[in-house]
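> Build the 3D model from these lines:
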Amino acid sequence: MRPPSYPSIPGRPLVLGHRGASAEAPENTLAAFRRALDLGADGFELDVWRCGSGEAVVIHDADAARTGGQAMPVKDSPLPRLRKLDVGRWRGKGFAGERIPTLSEVLLEFPGAVVNVEMKSGTVPDLGLAVEVVRTLRQHRAEPRVVVSSFSASLLGAFRSLAPDVATGFLVAPGAIAWARATAAVRALRPSAIHLARELATPQRVGAWARAGLNVLVWTVDDPDEVERLARMGVAALVSNRPGVAREAVKRATGV
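So this is what the prediction gives:
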C-alpha cells in the first residue's frame, strides 16, 4: 500500500500552528486557528477524541478540566454537555465564550487550511475514532489538505486501512523505546511521514528518513534560529506555538 501524497509548498516547509496559535490564544479553539492563519501559517495542528455521543471533538486532554475548568472525561461526555464549557476564559476575558469545536466545524470554518489531525489515544485505543475521522473528512472532501497522525500504531493502522488515500504521520517522542516503536510502525504502516519531536531532528535522522521516502515533520519549534536550521535541513513541515515567528524564520532560511 503506497503512502499518499503529503501536503506541501514548493521550496519551503509547511508552517502549522500548534493547537492553533497557542502562544497567543486558547489552544484548540476556533480563535486559535483563526489567529494562526492571520499570522501567515499554512494551517494548524489539532487534537481529537471521540466524545460520549460519538463526534470527533477538538481537545488535547482526555478530561476537560484544564481548559474547561470542570472535570469532565471527554469519552464519557456527550457533545451538548461538553459545549457548555468555556474553554477560552482561562486565557483571558477577551476569549471568554470559546467552546470545544468538533472536527467537522473546524474543516467547515477553514476550508483552505492544511490541518494535521492528531488522533489521541488512551491505554486502549478507541478504533471508533478512526472511523469517525474518516467519515468527517469524507463529508467535507478535505482529504487532500489533511494529515492524520497518532502515537498509537493500532489507531493509525485502523485509519490507514479505512482511508489509504489520506496522508498519515507517525508521531515519535524522545526515548529509546519510542524510537524502536517508530521504526517498527513505519515498516508496518508505511505512513507518508514521520513526525519527530524537535529533540530528535538531527541532520542524520532527517536525512535517513527522507532517503527512506518519508516526509519529516518536526514539533514543537518556537525558537527562530532552530526553525531556520530545520528549514535548511529540508524538513517537510514545522509545528509551532508561534506560527508567525516560525513563518518569518522559514522565509529567511528559504527565501520563500
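> got the contact list for the closest residue to A41 other than its chain neighbours?
The shortest distance from A41 to any non-neighbouring residue, by CB to CB, 6 or more residues apart in numbering, is to P243 (3.7 Å). Backbone N, C-alpha and C define where each C-beta goes, glycine included. Neighbouring residues of P243 by CB atoms under 8 Å, 6 or more residues apart in numbering: 15-18, 21, 36, 39-41, 44.
> Likewise for L14?
By CB under 8 Å, 6+ apart, the contact list for L14 reads 7-8, 42-43, 114, 217, 236-238.
> Need the pLDDT of it.
In the predicted model, L14 carries a pLDDT score of 98.
> ok, the residue lying closest to it once chain neighbours are set aside - how many residues close by?
Among residues not flanking L14 along the chain, A237 sits closest, at 4.0 Å (CB to CB, 6+ apart). A237 sits with 28 neighbouring residues when counted by other CB atoms under 10 Å.
> A237 touches R12, doesn't it?
No. Here A237 does not reach R12: they are 9.9 Å apart, not a contact under CB atoms under 8 Å.
> one step back: most neighbours of all the contacts of L14, which one?
Top of those by neighbour count (other CB under 10 Å): L238, with 31 neighbours.
> That one falls within a helix, correct?
No. Counting by DSSP: H, G, I helix; E, B strand; the rest coil, one finds L238 to be strand, located in no helix.
> Could you check the pLDDT of the residue lying closest to G68 once chain neighbours are set aside?
Using CB to CB, 6+ apart and skipping residues adjacent in sequence, the residue nearest G68 is L85, 3.5 Å away. Looking at L85, its pLDDT reads 98.
> L85 and R66 touch, don't they?
No. Using CB under 8 Å, L85 is not in contact with R66; the gap is 11.0 Å.
> Pick out whichever of these two has more residues nearby.
More neighbours surround L85 than the other of L85 and R66, with 20 against 13 (other CB under 10 Å).
> Now do the contacts for that one.
Neighbours of L85 in contact, by CB under 8 Å, 6+ apart: 64, 67-70, 72, 99-100.
> Could you do A71 as well?
Neighbouring residues of A71 by CB under 8 Å, 6+ apart: 63-65.
> thinking again about what came up before, quick check: the residue nearest to A41 vs W179, distance?
Computed with CB to CB, to the nearest Å, the distance linking P243 and W179 is 27 Å.
> do E105 as well
36 Å.
> same thing with L82?
L82 is 35 Å from W179, by CB to CB.
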